[in-house]
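Enquirer: Would you be able to build a 3D model of this:
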Amino acid sequence: MGKYYYLVFYFTLSAFLACAPLIKTDLDSYLQDQAYYKGKQVVITADLENILERYELYQGKEVEFSAPVTYFGKWQFRTWYLMLEKDDKKIRCYENEYRIYPGRDALSLLRIVKSEGGEITVRGKVKPDGIELNRLIYKEYAVNTNSKPPEFRMPFFGGTSSPL
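Expert: So this is what the prediction gives:
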């Protein structure tokens, strides 16, 4: 019986040690001391205007910012996305995992944000064509956008259907 306690302790300890610490900072602090942030999961907090003004510096970095949602769907773009706009500045945030249909959790969260007129917080990596999403956050709700929504198989017809 004592061996099992050691195993449980070992696996619990290794799970805690395997996670890289999440550090939030601004871009200027990150650029001043990049060696300090090496090996850590860094999220750069910013506002939409700052990201658009210094877009080249943000390229390839994970950012977090908030803005109102003006559109979400798939129209004239290769995958599902949402448009965020604040003070006449716009940016596209997309998720390659979704393709055509987002998960119900993401869709429900965006509908709540639009109906309440609030600002959603997005976290994702800055790419040349926008922000590739990792997480959507609104109030106490958070959605991991990297998980694929389920597909329901239609066994007699050979196709798939959307979960919507």
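
Enquirer: now the strands for this structure?
Expert: Along the chain, counting by DSSP state E, strands occupy 22-25, 41-45, 62-73, 81-86, 89-94, 119-127, 130-138, 141-144, 152-154, 159-161.

Enquirer: got CSV for these, with mean neighbour count, mean pLDDT and distance to residue 108 too?
Expert: All C-beta atoms are positioned from the backbone trio N, CA, C, and that covers glycine. What follows is the strands of the chain, written out as CSV (neighbours: other C-beta atoms under 10 Å; pLDDT from 0 to 100; distance: least, C-beta to C-beta, whole Å):
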stretch, mean neighbour count, mean pLDDT, distance to residue 108
strand 22-25, 13, 88, 25
strand 41-45, 18, 93, 24
strand 62-73, 18, 91, 12
strand 81-86, 20, 90, 13
strand 89-94, 18, 91, 17
strand 119-127, 19, 94, 12
strand 130-138, 20, 92, 10
strand 141-144, 16, 90, 9
strand 152-154, 10, 60, 18
strand 159-161, 11, 52, 19
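
Enquirer: looking at those strands, which is closest to residue 52?
Expert: Smallest distance to residue 52 across the strands of the chain (C-beta to C-beta): 5.4 Å, for strand 89-94.

Enquirer: packing partners for the closest one?
Expert: helix 48-53, strand 81-86, strand 130-138 (3 or more C-beta pairs under 8 Å, 6 or more residues apart in numbering; DSSP states H and E).

Enquirer: Sheet partners, orientation included, of the last one?
Expert: So the one you mean is strand 130-138. Strand 130-138 sits in its sheet next to strand 89-94 (parallel), strand 119-127 (antiparallel), strand 141-144 (antiparallel), going by DSSP bridges.
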